[in-house]
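In: Turn this into a structure:
(2 chains)
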Amino acid sequence: MTTLNWKEGDLAYDSSLFVRGKGHFVDDLKIPGTLYMSVLRSPYARARILSIKGGINGSELKAKMASVGEGADPSQTVSIQPVFATGYVNYVGEPVAAVFGDDRYKATDLLENVEVDYEPMKPVVTIDDALRLPPIHEGMKSNILVQSSRGSDFKDPDSPIVLEDTLENERVATNPIEPRGIVASYSDGMLNVWVSTQSVHSIKDGLVESLGLRPDAVRVMQTDTGGAFGSKGGLYPEYVIASYASMKYGRPVKWIETRREHLSSTNPGRGVRGKVKIFAERDGRIMGLKGDVLVDAGAYGTGIASFSAGFIAMMMTGPYSIENGYVIGRSVLTNKVPQGPYRGAGRPEASFFIERMVDLLADELKMDPADVRLANMSDKPFTSPLGMKIEPAKPFFESAVRELEYRREAKLTNGVGLSFFVLVPAVYPGESARIIVKDGMVKVWLGGNSHGQGHENFARKLVNEELGVPESIVTLFRGDTGMTLDGVGSWGSRSAIVGGAAIVAACRKIKRKVEKESGNYSPELLLSGSYDEFVYEEQKIPLNSFGANLATVEIGKLGNVKIKKCAAYYDVGRALNRDMVIGQIQGGMAQGIGQTLHEGLYYNDDGQLITSSISDAGVPLAEDLPNFTVKIAEHRSSLPHGAKGLGESPTIGVPTALIRAIEVASGKRLRKTPVTPEELIQ
Amino acid sequence: MSLSKIKLRINGKEIEAEVEPRKLLVHFLREDMGLTGTHVGCDTSNCGACTVLLDGRAVKSCTMLAVQADGREVTTIEGISSGDDMHPLQKAFIEKHGLQCGYCTSGMILTSFWLLSKNNNPTEEEIRKAISGNLCRCTGYQSIVESIKYGAQLMKEEEKGEQEIRVR
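Out: Numbering: from 1, shown residues only, chains lettered A, B, ... in the order given. Now for the predicted structure:
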């Protein structure tokens, strides 16, 4: 730690520093003697490697990627990604070799010294290719990475209405404005790592496993993290390579991703297709749902892709009381960058499938879409045939229709869309917190790490409520495996729930200690002593919450969509900080609009990535977006601090409401995101 | 590689330096000058995280060479206020939550600084247009627009206050 120019105070979350340009992002970290790393990447989607000369490559570092983080699946064996491609490359952007220079320009120059001979092969690019063509990996029987099913097959009901459709979400690049980056520094038998991440513990576990290190010889510390949206939760090859190189050269190694690398080599989200069939009565009741979900896993099964198929399948009946359900979920391998979580991570896809079908049913029956939805919900708790437990949906939906002024908008506007969903946050298995009380100050660490959500706000509030100390003496520090023994991560709308619960539990443990020592408790007694408590608070009960969105649009002559209104009504549980809640929702709504209208990651028939910049990838501009209307309901959860999840609600609810609004305004059935102007005027 | 001599003003200070001709201005500012408030987000001048003021105008320092700044005046986020004082726009971004992860913030503030130097009372449409070369992935822009509006108001109040002091 002596090599670091950041002091203890620099390790706390402090968003006021950002307006002065005094943040502590990973590329801001300067350690004398640092080597800069550049990565040589595959220019082919699929090729045999005939020879590699130069740099560190797979003939030297034979490590494999550990499966850690959100949706990790350690059960995969054959399709695990090697840290460096060996024998074959399987996607454009796959790391083949790495070089190291005294500055970033020299490191880039050195890429020219690496020579690789490839023999190109025909790639598997699309989901259909994957189902049709021989497996991309030796030792597999097909390109099906996993197949799972939810519910049980049922005889087609004798329903008068049977509707079937195929629906799709294009891949989306996560595109945080700060790309990925890492500094690894090995000295005296200790590997210190600073990284832009959602989960220091996942990165640590991954490095320990991939490099075969002792857990106590690795410390991973979070830097200020400039957005992540799912993509910075797990391990990446560059982290293993930088760590290995630091150990080899005895110098700190820095790697900072370029945007082009981000598009080719950071796990994108979505990329899912669903064939859905519903059986319905004339009054709008859906008697059964059958589905076939296909996830484009990309080239390796190290990430969330194998988990996605079953997860999406589980949520396919949405918040509706549909008695019969059977969904098969398959993830298939293609010669593209491996899929990863992107804000929602399966939830928006499942919701897209069911909501598109409910709207189709409304059109078929010439019923109002709100009434079709009402016909399928209950005022009692419901356990879906696919295994999802939901609270009574009807009371919330009825208030959502009122709060969003849906009936009025539907009368006034030709082009209104309404959506309804249930958010399933990733509460399992819980989260850790550590609280140290010393010298009259309270210091807090969380196992899951904030990357723009402002966890420090709920940390201060909960410590204040539990221990009666002023918020001004409470500091939340960035993630550090040196300070928390174990932990999970910040994703899946979980942090206020599980991180909050862990802070409450740690506070109560400390309070009991004070009481035991002094016979009673007061903040003064607490602050005059020294306490240090770590808790890992388990969460086993699913905590779902409802949300609804409304959108209204106009479509221009050239097919350009103008959003007139984009509104949300979400149950957020107890809002621990209203401003942060509204900010999360507005930001997520922008991403929902992005996915619906602009964002995609496109490959040509050769598997070449043709999306070449952040603008190409479709990140929305200020000009593209409306002001949002955000309303919240605060139905407390059963946890002591009452929180529920909310971070992913807008990326679930906005695309489905918006695409419906566009469908109504254009009069064209819409099956895919993003919706392009071309298809609206054809 | 041979080095080029450059002379420029950065945040009001006269600087003389030798740089590789190929070095980007953003890397010169961040790595040679230690001004890490200017960020790199996209390499293609789309995202605006690297925005600085060049002779008072907002430019993207990732698509400009350091040698091109020779003889010019550069202002970075570190240069718009000093010590504990904050520029009204900095105060406004905190108060109106015009940021989440903080990575785009420097560029957003400098672009709005430039906007307000030309137009001290911009409409919402003008603000959205002005910052459309600056990408934010966290906020959905609404709180940024509100911050800029509020910053404009604070700047006017500050100016008025100064005038009143002068009159006295």
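
In: Going by C-alpha atoms from here, please, whenever you check contacts or count neighbours.
Out: Noted.

In: how about residue 84, phi and psi?
Out: Just so you know, I chose chain A. As for A:Phe84, its main-chain torsions (degrees, to the nearest 10) stand at phi -110, psi 140.

In: The intended chain is chain B.
Out: Here is the backbone geometry of B:Asp84 (degrees, to the nearest 10): phi -80, psi -10.

In: give the contact list for it.
Out: With contacts defined as CA atoms under 8 Å, 6 or more residues apart in numbering or on different chains, B:Asp84 has no neighbours.

In: and residue 58, how many neighbours?
Out: With no chain named, the answer covers chain A. 19 (other CA atoms under 10 Å in any protein chain shown).

In: Switch to chain B, please.
Out: 22.

In: A:Asp188: neighbour count?
Out: A:Asp188 - counted by other CA under 10 Å - has 7 other residues nearby.

In: For residue 161, give me the pLDDT.
Out: If you meant another chain, say so; for now it's chain A. On pLDDT, A:Ile161 comes in at 98.

In: if you could check chain B rather than the one you did, that'd help
Out: 84.

In: On the three-state scheme, it is what?
Out: Classification of B:Gly161 by DSSP: H, G, I helix; E, B strand; the rest coil places it in helix.

In: Spell out which residues make up each domain of chain B.
Out: B:4-79, B:88-167 (automatic domain parsing).

In: could these be laid out in TSV, adding distance to chain A?
Out: Below are the domains of chain B laid out as TSV (distance: least, CA to the nearest CA, whole Å):
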stretch	distance to chain A
domain B:4-79	4
domain B:88-167	4
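
In: Export the ones you listed as CSV, with columns for distance to A:Lys30.
Out: Converted to CSV, the domains of chain B look like this (distance: least, CA to CA, whole Å):
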stretch, distance to A:Lys30
domain B:4-79, 9
domain B:88-167, 18
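
In: Check which residues of stretch A:472-485 are buried.
Out: Using 16 or more other CA atoms under 10 Å in any protein chain shown as the test for burial, stretch A:472-485 gives A:Val474, A:Thr475, A:Leu476, A:Phe477, A:Arg478, A:Gly479, A:Asp480, A:Thr481, A:Met483, A:Thr484.

In: doesn't B:Asn120 make contact with B:Ala152?
Out: Yes: with contacts counted by CA atoms under 8 Å, B:Ala152 reaches B:Asn120, the gap being 6.1 Å.

In: Between the two, tell me which one has more neighbours.
Out: Neighbour count, other CA under 10 Å: between B:Ala152 and B:Asn120, B:Ala152 has more, with 24 against 16.

In: For the helix or strand hosting that one, which helices and strands make contact with it?
Out: Element membership for B:Ala152, per DSSP states H and E: helix B:142-167. Packing partners of helix B:142-167 (3 or more CA pairs under 8 Å, 6 or more residues apart in numbering or on different chains; DSSP states H and E): helix B:88-95, helix B:124-130.

In: Could you look over the ones you listed and pick the most buried one?
Out: Highest mean neighbour count among the helices and strands packed on helix B:142-167 (mean count of other CA atoms under 10 Å in any protein chain shown): helix B:88-95, with a mean of 22.

In: Report the inter-axis angle for that helix versus helix B:142-167.
Out: 140 degrees (axes from the mean of the first three to the mean of the last three CA atoms, to 10 degrees).

In: Which residues does helix B:88-95 contact?
Out: Under the criterion CA under 8 Å, 6+ apart, residues A:16, A:19-20, B:98-99, B:109, B:113, B:144, B:147-148, B:150-152, B:154-155 lie in contact with helix B:88-95.

In: what do you get if the cut-off is 7 Å, keeping everything else the same?
Out: A:Ser16, A:Val19, B:Leu99, B:Ile109, B:Ser147, B:Ile148, B:Tyr150, B:Gly151, B:Leu154, B:Met155 (CA atoms under 7 Å, 6 or more residues apart in numbering or on different chains).

In: gap between the fourth one and B:Lys149?
Out: The span separating B:Ile109 from B:Lys149 equals 12 Å under the rule CA to CA, to the nearest Å.

In: now the last one
Out: For B:Met155, the distance to B:Lys149 (CA to CA) stands at 10 Å.

In: and if you look at A:Ala107?
Out: For A:Ala107, the distance to B:Lys149 - CA to CA - is 43 Å.

In: on that earlier part again, same drill for B:Ile109 and B:Lys149, tell me which one is more crowded.
Out: Shown here are B:Ile109 and B:Lys149; by other CA under 10 Å, B:Ile109 has more neighbours (29 against 23).

In: Just list the residues touching that one, thanks.
Out: B:Leu89.

In: Can you tell me which residue sits nearest the middle of chain A?
Out: The residue lying closest to the centre of chain A (CA atoms, centre = their mean) is A:Gly230, at 2.9 Å.

In: Let's see the pLDDT reported for that residue.
Out: So A:Gly230 comes in at 97 (pLDDT).

In: right, and it touches A:Ser490 too?
Out: No: using CA atoms under 7 Å, A:Gly230 is not in contact with A:Ser490, being 8.6 Å away.

In: and the residue positioned nearest the centre of chain B, what element?
Out: Centroid check for chain B by CA atoms, centre = their mean gives B:Leu110 as the closest residue, at 2.4 Å. Per DSSP H and E, B:Leu110 falls inside helix B:105-118.

In: Which residue is the nearest non-sequential neighbour of A:Ile390?
Out: A:Phe382 (5.3 Å; CA to CA, 6 or more residues apart in numbering or on different chains).

In: what's the one you found in contact with, if anything?
Out: A:Ser321, A:Lys389, A:Ile390, A:Glu391, A:Pro392.

In: do the same with A:Tyr531
Out: Applying CA under 7 Å, 6+ apart, the residues near A:Tyr531 are A:Ile436, A:Val437, A:Lys438, A:Ile510.
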